[in-house]
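Enquirer: no letters, just coordinates:
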Ligand code: GLN
């Protein structure tokens, strides 16, 4: 098979996804795909992602396609350069398949907050696929691409991976360059990966990871070898934090997680209950820190430097108001207002500064359990399976609580992944693993064994 054949098959799969009304793709074309294929076929040495089509969340800059961030404000915007991760995956022999739909600027948990319409769940079209990287998750779930890039600031790859029944991996903060990722919460943003399997996600992760002088927070550490094929969990200690199994946890998800815990024991793991006592502050802390950083990052979309201009050019304040008032959707405006408030004189001490100290305690909880001998934590990824479209859109706090199990790892900067562990009432369930900083390889090794030992698409018997 040549890359041209692979590109055609990808184009047909994207057409089918569109015909089904999933609304997962933004910019793509068969012509661009064929150009990618020709480039790959002319590479002298096949790379580690040879001929693989990769879908890219539309908040990651690509010089060839527009980059909209799911916002009216950036409609038709063309970045003059590609993100480091895009350059790297192309250098590894992959083909850029398409840009994918997302919650505007990555803000949301359902991919309903896109200026270009909501994305549908692949198995239940009246439900949401999760978010904000919903388009990428859906394209992997329907098999249009084996892997995709997303961004995970507070769960935006792991949560949609769980809802759609695919693998989603957030690396350690700093492991992957953010150069060319449109900034949301700079101290939290991680370019992250989806795969049909753990091994697919791992291949993409290691192809794009590594130090980049253009991102000052990117870390100069060697890329580890691929996770070894484990056959047992002998010698592995798995921590199960009680805070992640509340009384109102969805019963199917609870049963699914208990079945995985039992399986891990059979595989030889030592499973211990642990405490992460600051967990309950994670959502409020995240929803102070992330909007504060977003308010600052999104200041550049003013019609002067970036953004489709609206309003009189002669009056700068009116130009800003016109551009931002017209271009930003309701959720983005809510974040900017919240972020500006928590940073404002007189309130910053009470909100932003306090949130930073709580963030340090949340991170310290993780440090303590890992120092106590836990190799990896296991939890549900989400408190419920995919919810119905329209369910939470009018209630921001209900939407924010969808991130309750995923945002702690984001605040702590540690690696975490979501893995399909079964289904409940026909909907996928995700199990989450979290590991110490830079321990992605051992986390992926455990995930691969679990993937082999479980039927990720089986209905959980209760
Ligand atoms: N759902 C979270 C939010 O709305 C996380 C977003 C993300 O990770 N990009 O902020």
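Expert: Received it, and whenever you're ready, just let me know what you need. From a predicted model like this one, the values you see are computed outputs, not experimental measurements. Numbering: from 1, shown residues only.
Enquirer: let me see the contact set for the residue in the stretch 351-462 of the chain positioned nearest to the ligand.
Expert: The minimum distance from the stretch 351-462 of the chain to the ligand, using Cβ to the nearest ligand atom, falls at residue 403 (4.8 Å). Where you see a C-beta, it was placed from the backbone N, CA and C, and this is true even at glycine. Taking Cβ atoms under 8 Å, 6 or more residues apart in numbering as the criterion, residue 403 is in contact with 109, 154, 155, 159, 283, 286.
Enquirer: return the distance of the closest residue to it other than its chain neighbours relative to the ligand.
Expert: The shortest distance from residue 403 to any non-neighbouring residue, by Cβ to Cβ, 6 or more residues apart in numbering, is to residue 155 (4.5 Å). Taking Cβ to the nearest ligand atom, to the nearest Å as the measure, residue 155 falls 5 Å from the ligand.
Enquirer: isn't residue 155 right next to residue 110, touching?
Expert: No. If you go by Cβ atoms under 8 Å, residue 155 and residue 110 don't touch, sitting 11.9 Å apart.
Enquirer: higher neighbour count, those two?
Expert: Neighbours were tallied for residue 155 and for residue 110 using other Cβ atoms under 10 Å; the higher tally belongs to residue 155 (33 against 30).
Enquirer: residues contacting the more buried one?
Expert: 109, 403, 405, 406, 407, 410.
Enquirer: from residue 131, how far out is the second one?
Expert: This means residue 403. 10 Å (Cβ to Cβ, to the nearest Å).
Enquirer: what touches both of the two?
Expert: Residues touching both residue 403 and residue 131 (Cβ under 8 Å, 6+ apart) are 109, 159.
Enquirer: and the stretch 101-250 of the chain, which residues reach the ligand?
Expert: Proximity of the stretch 101-250 of the chain to the ligand, by Cβ under 6 Å from any ligand atom, involves residues 106, 107, 108, 109, 132, 151, 152, 153, 154, 155, 156, 184.
Enquirer: residue 360: neighbour count?
Expert: Count around residue 360 with other Cβ under 10 Å applied: 13.
Enquirer: name the helices or strands packed onto whichever helix or strand it is part of?
Expert: Element membership of residue 360, judged by DSSP states H and E, is helix 354-371. Under the contact criterion of 3 or more Cβ pairs under 8 Å, 6 or more residues apart in numbering; DSSP states H and E, helix 354-371 touches helix 282-297, helix 407-412.
Enquirer: tell me which residues of that helix come out buried.
Expert: Using 16 or more other Cβ atoms under 10 Å as the test for burial, helix 354-371 gives 354, 355, 358, 359, 362, 363, 365, 366, 369, 370.
Enquirer: ok, now which ones touch the residue in the stretch 51-200 of the chain positioned nearest to the ligand?
Expert: Using Cβ to the nearest ligand atom, the single residue of the stretch 51-200 of the chain nearest to the ligand is residue 156, 2.9 Å away. Residue 156 sits next to 103, 106, 109, 131, 132, 133, 150, 192 when contact means Cβ under 8 Å, 6+ apart.
Enquirer: share the number of residues neighbouring residue 10, please.
Expert: So residue 10, with other Cβ under 10 Å, has 28 neighbours.
Enquirer: once you drop chain neighbours, what's closest to it?
Expert: residue 53 is the one closest to residue 10 (Cβ to Cβ, 6+ apart), at 4.2 Å.
Enquirer: what bridges to that neighbour?
Expert: Residue 53 has these beta-bridge partners by DSSP bridges: residue 95.
Enquirer: which residues in the chain form helices?
Expert: Using DSSP state H, the helices of the chain run over residues 3-19, 30-41, 84-91, 134-141, 158-164, 198-208, 251-266, 282-297, 316-327, 330-343, 354-371, 396-400, 407-412, 440-453.
Enquirer: turn those helices into TSV, columns for distance to residue 385.
Expert: Formatted as TSV, the helices of the chain follow (distance: least, Cβ to Cβ, whole Å):
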stretch	distance to residue 385
helix 3-19	21
helix 30-41	33
helix 84-91	30
helix 134-141	14
helix 158-164	7
helix 198-208	21
helix 251-266	7
helix 282-297	19
helix 316-327	34
helix 330-343	22
helix 354-371	26
helix 396-400	15
helix 407-412	19
helix 440-453	19
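Enquirer: now those in JSON lines, with mean pLDDT and distance to residue 240?
Expert: Putting the helices of the chain into JSON lines (pLDDT from 0 to 100; distance: least, Cβ to Cβ, whole Å) gives the following:
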{"stretch": "helix 3-19", "mean pLDDT": "95", "distance to residue 240": "37"}
{"stretch": "helix 30-41", "mean pLDDT": "95", "distance to residue 240": "44"}
{"stretch": "helix 84-91", "mean pLDDT": "98", "distance to residue 240": "33"}
{"stretch": "helix 134-141", "mean pLDDT": "98", "distance to residue 240": "26"}
{"stretch": "helix 158-164", "mean pLDDT": "98", "distance to residue 240": "17"}
{"stretch": "helix 198-208", "mean pLDDT": "98", "distance to residue 240": "20"}
{"stretch": "helix 251-266", "mean pLDDT": "97", "distance to residue 240": "6"}
{"stretch": "helix 282-297", "mean pLDDT": "98", "distance to residue 240": "17"}
{"stretch": "helix 316-327", "mean pLDDT": "91", "distance to residue 240": "45"}
{"stretch": "helix 330-343", "mean pLDDT": "97", "distance to residue 240": "33"}
{"stretch": "helix 354-371", "mean pLDDT": "98", "distance to residue 240": "10"}
{"stretch": "helix 396-400", "mean pLDDT": "93", "distance to residue 240": "24"}
{"stretch": "helix 407-412", "mean pLDDT": "98", "distance to residue 240": "14"}
{"stretch": "helix 440-453", "mean pLDDT": "97", "distance to residue 240": "14"}
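Enquirer: quick one: closest of the ones you listed to residue 76.
Expert: Checking those against residue 76 by Cβ to Cβ gives helix 316-327 as the closest, at 11.9 Å.
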